[in-house]
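Engineer: curious how this folds, go ahead:
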Amino acid sequence: MSAFVALHSLRLLLLLVVWDVLDVGSSSSSTPAAGTSTAQNPNQETTSSNGIFSQGASTSAPHSVTQAPILPFKKYNLTMKDSPKDSVLKTIILQSPAELELLCSLVLKPSVDVEEIEVVWKKENETIKNDRIFKNESKNSWCSRHEVNVTTRDQLGSYTCVYKTKPEEVNSTFLLQVPEPHGKSERIISYVGDFVVLACLVGSESHQYNPSFWVWYTKNGSEQVAINTTLMPEKYIITQEYANMTKLKIMGLSEEDTGVYSCEAVFPLGARKGEVSLKVLTYMTPLKPFLAIAAEVVLFVAVIFAYEACTKKKEFQVEEVEKEFEQTETLKTEDSNGVENSTRQRKV
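Structural biologist: Numbers count the residues shown, from 1 in each chain. As a prediction, this is how the structure comes out:
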């Protein structure tokens, strides 16, 4: 029995040794020798040491494919009648690139019988598209379409559709522009030595726009100079609590600070400016009208007193003359009475 167990154990040991030898051989055959290359499936993806994937046996770098960004799509429509007076201007505000579809529709009277109409699209004064529309039996509306991807500021401006109708042409215009900033107060008045805060915002409470950044300008003669707060931190401070609003604080005001200040909102498609007017006064300035009025009052009172003094003087002189005249008449009367009395006495 013990001999049988020992024989069985020896057989198991021999099987394990053979298994290990076969395993080592297979692993060594799968590893390529130095200086040799392995055959690869041309459709198999391999990874290099730097993590870049390559396909097949090619060792060249892969071609990177850059996809164009998907632009938001917006559609605008203008409808006009067959009269030049019905031309319409539609303003389209864009703060970032977009794909636009501009539809220009013309409604003709049922009595107008035309088979086709030529339509010309213009960018500013340059023709960019010619279109020809044929009659639609179901409707009496003629529609022309123009698509434009607005990605740069050069693509902003006016797009006009011109319908070559007779006897006169009919046209309407789409005006593409970035949002326009404006000052919270168009005119601000302050005094020498004080400080003032100028504020600009873009959009409204219902529709706000967010510029990429803001720039403040001041006028130096006929030129506009950007305000650099780093060079003059004791004079200017620019703050921005919200993206659609900017504030410029001017300290130590002098009369030289009087002028027009411009705030420029910069968007991906362009920039526009708003203006705020500042007037710096001295503290004597408000008193000047009061002093002028006081001087006029004093002069008027002086004239009145002078007139009254002259009047009283004349009245006094008249009274003196009248008194002298009365005294003279009285003396004459007394003298004549004395002469008459003496004459009468002699006659008696």
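Engineer: per-residue confidence averaged over the longest strand belonging to the chain?
Structural biologist: Assignment by DSSP state E gives strand 270-281 as the longest strand of the chain. Strand 270-281 carries an average pLDDT of 93.
Engineer: in its sheet, what does that strand sit against?
Structural biologist: Neighbouring strands of strand 270-281 in its sheet, by DSSP bridges, are strand 187-191 (parallel), strand 259-267 (antiparallel).
Engineer: of all these, which one is nearest Val215?
Structural biologist: Evaluated with Cβ to Cβ, those place strand 259-267 nearest to Val215, the distance being 4.4 Å. All C-beta atoms are positioned from the backbone trio N, CA, C, and that covers glycine.
Engineer: which outside residues touch that closest one?
Structural biologist: 95-96, 178-179, 181, 183, 198, 200, 202, 209, 211-219, 224, 246, 248, 271-278 (Cβ atoms under 8 Å, 6 or more residues apart in numbering).
Engineer: what is the neighbour count of Tyr209?
Structural biologist: Tyr209 has 20 neighbouring residues, counting by other Cβ atoms under 10 Å.
Engineer: typed the wrong thing, it's Lys90
Structural biologist: 15.
Engineer: and if you look at Val197?
Structural biologist: 14.
Engineer: can I assume it sits in a strand?
Structural biologist: Yes. Counting by DSSP: H, G, I helix; E, B strand; the rest coil, Val197 is part of a strand.
Engineer: confidence score at it?
Structural biologist: On the pLDDT scale, Val197 gets 95.
Engineer: in PyMOL, select just the buried ones from the contacts of strand 259-267.
Structural biologist: The buried subset of the contacts of strand 259-267, as determined by 16 or more other Cβ atoms under 10 Å, is captured in PyMOL by this line:
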select buried, resi 95+178+179+181+183+198+200+202+209+211+214+215+216+217+218+224+246+248+271+272+274+275+276+278
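Engineer: in strands, which of the contacts of strand 259-267 appear?
Structural biologist: Using DSSP E, 181, 183, 198, 200, 202, 213-219, 224, 246, 248, 271-278 are the members of these that sit in strands.
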